[in-house]
Each structure stands twice: as structure tokens, then as C-alpha cells.
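Student: the following block contains a protein sequence and its predicted model.
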Amino acid sequence: MPPLENERLSVLSPAGLKMRLVGLAERRLPVRWLDEIIHFVVQTRLLFSRFVLLLLAAMFFFFTWATIEQQTFKEENAFGLLLLQTIGLAVILHMGLWESEREERTFEFLVMRVPNVHSLIWFKLRVSLIWTVVLLGPFFLGFVWFVSIPFGHALLFLLFCSTHAVFFSLFTCIVASFVHRALPTGIIVVIATSMYAGFSENAPLPYRDYYWTFLYPFSEAYSSWGTFDWVRLIVVNRLVEVLEALGFYAWFARRLSKTEKWIG
Amino acid sequence: MGLSIRNLCKTYQDGNEAVVDFNWEIERGVYGLLGPNGAGKSTLLEILSLNLMPTSGTVLWEGWDIQKRPTAFRRVLGYLPQAYGFYPELTARQMLDYLGRLHGLGGRRLRKRMADVFEILNMTEVRNRKIKTFSGGTRQRLAIAQALLHEPQLLVIDEPTTGLDPSERVFFRNLLFDLGKSCVVLLSTHIVKDVEFTCHEMTLLCGGVQRYTGHPVSFVQRVEGRVFEKEVAVADFEAYSRERCVIAIQEKPDGIVVRHVVRPGERDSESGDPVRANLEDAYVDFVGERQEEEPVAAA
């Protein structure tokens, strides 16, 4: 948009509003806060490429359509869809997180500045994880509202979805450390997840519910939910996923620390 | 303020010996690392920037081992790799802010440093433009800017002038010369003129082996009196140049002027007129003819 000739009106243009907001923030906010906001904005800019925005739009459209089409008014179905959305968001937002570092050789600039790879992972991952949870919000609130999920169940769903988000984000990062490009990374993660889900659902594995990633917390099998057995199952199941996520993190940090392979 | 490289070796997993027993003591000033493509220059610099682990040997900065104190060393190191990339969608200011924060800078200090480096590199006007709109020279300026952002004491720069136009190349040479007054600058290049105009000491690397270390002028003296220029007819050029170590040719209306180096004691009536030697003559003579010789020290 060309700048408006009238100076008073020019503040209403997007560029003018942006300048006013930036000026206001620079004057009013403490420098430390301003730094955090700038970092968040820059990392967000890097995260949401056009490709990612397109995929997110497609995903939101698809799940909205699926919810209406299937008339998902049951809690169990709602949880299934939330689970899929969490996985979808984690994969879409993280499959290209390290692509630029590998393909355009930004990695050397980054790794030579940090005391260790953990700082680098935290530096890049914290914004993408925040966005994963934030973008899950509209769906989550939608289901809570329309399906009338009880508050306690909703909180437990949120716990499951949050740990899933971390788990699948790190899993996607692991795959991305082997595969350079974003799209193949996403495809591999989706295929691997589908294969694991299919196998673990049908195979007669002992004590499966204690370590099954896709556990539904309110199955009819636990008719007396709220009992000690049920609490133990939920706690152990989540604990196992958190430990698996930590394992993925350690593996990913180890992959990153092998700088020789990253810089070729 | 000094860097000491001792008995440094790097052998890759495929058995390729990229650097063999490299030794160098450098202090404040600009130092040139010269060598043909594949000589091991970038490998050496990757080791100095802690991106590669040496197979053996040590690198000391002010007496302490950089491998044992990597975090402390990263604080004093500014590094510009040969191949690098920026995030094209970010502006120059956003990119420096991003890298500065990774380095632990923040607040007013970061803003001051960003303003300073943009000023030094004449980038103040373009600081809010997206990187994808930058020319090769401006991208290279930004790359230098990120290396200078945290006021490094050691600046390691890998082939900074490759692909730049002559005016940008002169700008970078002058900049490096100025930077050498306040910190240690290690410049790796295969462009001989960069070393000739900026460095007060150089080392020549061929096939991973250190062949010469000393002042560029001393290196030039090795070919002094052996560089000649001869104008030959176009028809005779091929036969003439086949027998000689040709440094440069220049087309003239009447023929071709051939600049060449002769071996000691091999001057003949066909050699032409003696001319003043430069670093390029010495380099081409050394790399082209004497790669198999034992390493030599400065005169």
C-alpha cells in the first residue's frame, strides 16, 4: 500500500500502525521484555512459511469438515480428533524447523554462538511448542463447548494433548535430523506414526495400556474411573510418554552435537 | 592476544588427510592462509571455529586449549564460513538481533553493537530490507557484520572476497586491514591479491601440508629476477606457452604478451624482458612446480 499523503491518515495504514505500535513498545516496555517479544516475532516469522500456513489452513478445514460430517458429539470421538490434530500440528510446525539450517547452511552461524546444543534447541523449540499449544486451543475449546465435555475430562484431554505435542514435536525433529527436507520429514513421521498405531492397537502386547501412546483415558474398560487402578494407569502412561520424549530429546541433542555431519 | 596452533592433524573417516602437522603462532594483525582449492584451508578454519574436531594436535588461545574451554573461546571468536546462509525472509536487523541473542547479547548493548556494525559496513540504509533482496556484496557485508557483532578478539574469515566485484573486494581488503589493528584476523583465501594487500604474514597450504610460513615479501623474493614478459605472435603462442610456467597473458594488437616464471638458471634468449615479481608469480610458481618439495621456512 503506498504511503498516504495526509500524515494524520497515514497512521491508519498497516505500515503506519506497525510503526506506531513498535514505537510505543520501544518507549513503554522494559528492554528485556522487548527482546523476548522481538525474538518471539522473529521465530514466528521463520516458523510460518507460506507452505506451513497452507498446510495449517488445509488441516483446520479438514478437521472442521470431519467434525461436522461425522457429527462428533461423543467424548471418545472428540478425543480421537483432538489427538489427530495435536499430531498434525506438531508435525506441520516442526518438520521444517531445521530445514533452513541444513539446506541453506545457517547452522554454522547458530552453533558457533551457543555454549551447547541444548541452548540452541531451547532457543528454537520454545516458540514452536507455544504455537502448537496455542493453535490447538480453538479446536479444544470448540469441542469442550459443543460436545459438552466435563471440565475434569477436558483438563485430562489437555494434559494428554500437551504431552503428545512435545512427544511428536521431538519425534519430528529426530526424523528431520536424518531427512533434510520438510515435506519428506512430515510424510515419514505420519507413515511411522500410522504404522506404530496400527501395530500396537492390534498386537497382543502385555500391559499395553501402561505404555500405549494413543490411550483413551475414559474407556469403558475402566468403568470405575477415578479408582486407584485408573489413576495409576494414567500416571504411568503419561510418565512413560514423558520419558520417551526425554529420550527423543537426548537423541536429537546428540545428533545436533555431531556438527561434522550437519555442516557436511 | 595470540593463537597458537601446534601439530594439528585432521584425517577424515575416508582416510583423506586434510591437514598434516600444522603449526603456526599468530598475534594481533592480519594473517593469510593461502592455498589452492582442496588444500585444507576450510578444514583448518572449521577446526579453529570448533565445528570440527582435530584428529590430533592442540589449538591454544592465550595459552589455554580451545577444545577444553569451547564456551570461553566462542565468546572471543568471530567466524565467517566459506559457505553460509541467512534466513531470506528476515531483515538484516532481525537477523543480527536473532544471532546476537543466541550469543547472549541483549538489550541496549545489542542495539548499540548492531548500530555500530551497520555503520562500519555501510549498511545503515539497508538494515530494514529483507535479506532475499540483497546483492552478493551486501550479503557478504552482513556475514562480516554477524562475525563482528560481539566484538571478537579473533576473526576467522574463509574466502570473503570470492565472487565479489572489484570495488567490493577493495572495501573488504581495507576493512580487514583496519580490523587487524585491534584484533587477530585469520584470512583464508585462494585470491593471492587479498593476501598481498592485507597480510603481514602468510602460510601456504598445499594438500594439507604447510609449505611456507613467513612474510609475503620474503615469499616474493623467491622468484625475484625470474619473472619475464615476452610479446609473441598469436601463431607462436601455443608452442611458447607449452614450455613455460605462464602466469598471465594479455592480448595486444600485434600479438600476445606472456608473463612467465623460469626455473633458476634457465633464462634463455627467448625469455623476454625481466619484470618486477609479485605474490601471484611466486604463488603460481610454487604451487605449480614445487608441490613435492619439503616444507620451507621464511628467509
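Tutor: Good, I have the coordinates.
Student: not counting its neighbours along the chain, what's nearest A:Leu129?
Tutor: A:Ser169 (6.2 Å; Cβ to Cβ, 6 or more residues apart in numbering or on different chains). For every residue, glycine as well, the C-beta is placed using N, CA and C.
Student: neighbours of the one you found, just the number please.
Tutor: A:Ser169 has 26 neighbouring residues, counting by other Cβ atoms under 10 Å in any protein chain shown.
Student: next one: it from chain B, what distance?
Tutor: Distance, A:Ser169 to chain B, by Cβ to the nearest Cβ, to the nearest Å: 20 Å.
Student: name the helices or strands packed onto whatever helix or strand that residue lives in?
Tutor: If you go by DSSP states H and E, A:Ser169 is part of helix A:151-178. In terms of contacts (3 or more Cβ pairs under 8 Å, 6 or more residues apart in numbering or on different chains; DSSP states H and E), helix A:151-178 is packed against helix A:75-94, helix A:117-146, helix A:182-202, helix A:228-257.
Student: got the angle between it and helix A:228-257?
Tutor: 20 degrees (axes from the mean of the first three to the mean of the last three Cα atoms, to 10 degrees).
Student: just the buried residues of helix A:151-178, please?
Tutor: For helix A:151-178, the neighbour count (16 or more other Cβ atoms under 10 Å in any protein chain shown) marks A:153-154, A:156-158, A:160-177 as buried.
Student: angle of it against helix A:117-146?
Tutor: 140 degrees.
Student: on that earlier part again, in CSV, list the helices and strands packed on helix A:151-178 along with distance to B:Gln210, mean neighbour count and mean pLDDT.
Tutor: Formatted as CSV, the helices and strands packed on helix A:151-178 follow (distance: least, Cβ to Cβ, whole Å; neighbours: other Cβ atoms under 10 Å in any protein chain shown; pLDDT from 0 to 100):
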stretch, distance to B:Gln210, mean neighbour count, mean pLDDT
helix A:75-94, 45, 22, 88
helix A:117-146, 32, 17, 87
helix A:182-202, 42, 15, 91
helix A:228-257, 30, 15, 90
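Student: and the closest residue to A:Thr67 other than its chain neighbours, what does it touch?
Tutor: Spatial nearest neighbour of A:Thr67, excluding adjacent residues (Cβ to Cβ, 6+ apart): A:Leu81 at 6.3 Å. Listed by Cβ atoms under 8 Å, 6 or more residues apart in numbering or on different chains, the contact set of A:Leu81 reads A:63, A:66-67, A:72, A:139, A:143.
Student: got it, and B:Gly38?
Tutor: So B:Gly38 contacts B:Gly207 (Cβ under 8 Å, 6+ apart).
Student: what kind of secondary structure is it in?
Tutor: coil (DSSP: H, G, I helix; E, B strand; the rest coil).
Student: for it, give me the pLDDT.
Tutor: Per-residue confidence (pLDDT) for B:Gly38: 85.
Student: against chain A, how distant is it?
Tutor: Taken as Cβ to the nearest Cβ, the span from B:Gly38 to chain A is 15 Å.
Student: now stretch B:155-171, how far from the centre of its chain.
Tutor: Stretch B:155-171 has its C-alpha centroid displaced from the chain centroid by 9 Å (Cα atoms, centre = their mean, to the nearest Å).
Student: ends of that stretch, what's the gap?
Tutor: Stretch B:155-171 has an end-to-end distance of 17 Å (Cα to Cα, to the nearest Å).
Student: equivalent analysis for stretch B:189-204, please.
Tutor: Stretch B:189-204 has an end-to-end distance of 10 Å (criterion: Cα to Cα).
Student: contact partners for whichever residue of chain A sits closest to chain B?
Tutor: Taking Cβ to the nearest Cβ, chain B has its nearest neighbour within chain A at A:Glu104, 3.1 Å off. A:Glu104 makes contact with B:85-88, according to Cβ under 8 Å, 6+ apart.
Student: give the burial count for residue 50, as a bare number.
Tutor: No chain specified, so I'll use chain A. 8.
Student: to clarify, I was referring to chain B.
Tutor: 19.
Student: burial measure for the spatially closest residue to it that is not a sequence neighbour, as a count.
Tutor: Nearest non-adjacent residue to B:Leu50, counting by Cβ to Cβ, 6+ apart: B:Pro70, 5.3 Å away. By the criterion of other Cβ under 10 Å, B:Pro70 has 15 neighbours.
Student: how far away is B:Pro70 from A:Tyr196?
Tutor: Using Cβ to Cβ, to the nearest Å, B:Pro70 is found at 38 Å from A:Tyr196.
Student: how about the closest residue to B:Tyr79 other than its chain neighbours, phi and psi?
Tutor: Among residues not flanking B:Tyr79 along the chain, B:Ser49 sits closest, at 4.3 Å (Cβ to Cβ, 6+ apart). Torsion angles at B:Ser49 (phi, psi; degrees, to the nearest 10) stand at phi -90, psi 10.
Student: how near is B:Ser49 to B:Glu151?
Tutor: Separation of B:Ser49 from B:Glu151 (Cβ to Cβ): 17 Å.
Student: and what of B:Phe197?
Tutor: Distance from B:Phe197 to B:Glu151, by Cβ to Cβ: 25 Å.
Student: neighbours around the residue nearest to A:Val240 when sequence neighbours are not counted, how many?
Tutor: Spatial nearest neighbour of A:Val240, excluding adjacent residues (Cβ to Cβ, 6+ apart): A:Tyr211 at 4.6 Å. Residues lying near A:Tyr211 (other Cβ under 10 Å) number 17.
Student: could you say which helix or strand holds the residue in the stretch 151-299 of chain B that chain A sits nearest to?
Tutor: Residue of the stretch 151-299 of chain B nearest chain A, by Cβ to the nearest Cβ: B:Val156 (9.7 Å). Using DSSP H and E, B:Val156 maps to strand B:154-158.
Student: so for B:Ala235, which of the helices and strands packed on helix A:151-178 sits nearest?
Tutor: helix A:182-202 (58.3 Å; Cβ to Cβ).
Student: list the buried ones in the next helix or strand after the closest one?
Tutor: Counting by DSSP H and E, the next helix or strand C-terminal to helix A:182-202 is helix A:208-211. Using 16+ other Cβ under 10 Å as the burial criterion, the residues of helix A:208-211 that qualify are A:210-211.
Student: how about residues contacting helix A:208-211?
Tutor: Outside helix A:208-211, the residues touching it (Cβ under 8 Å, 6+ apart) are A:200, A:215, A:233, A:236-237, A:240.
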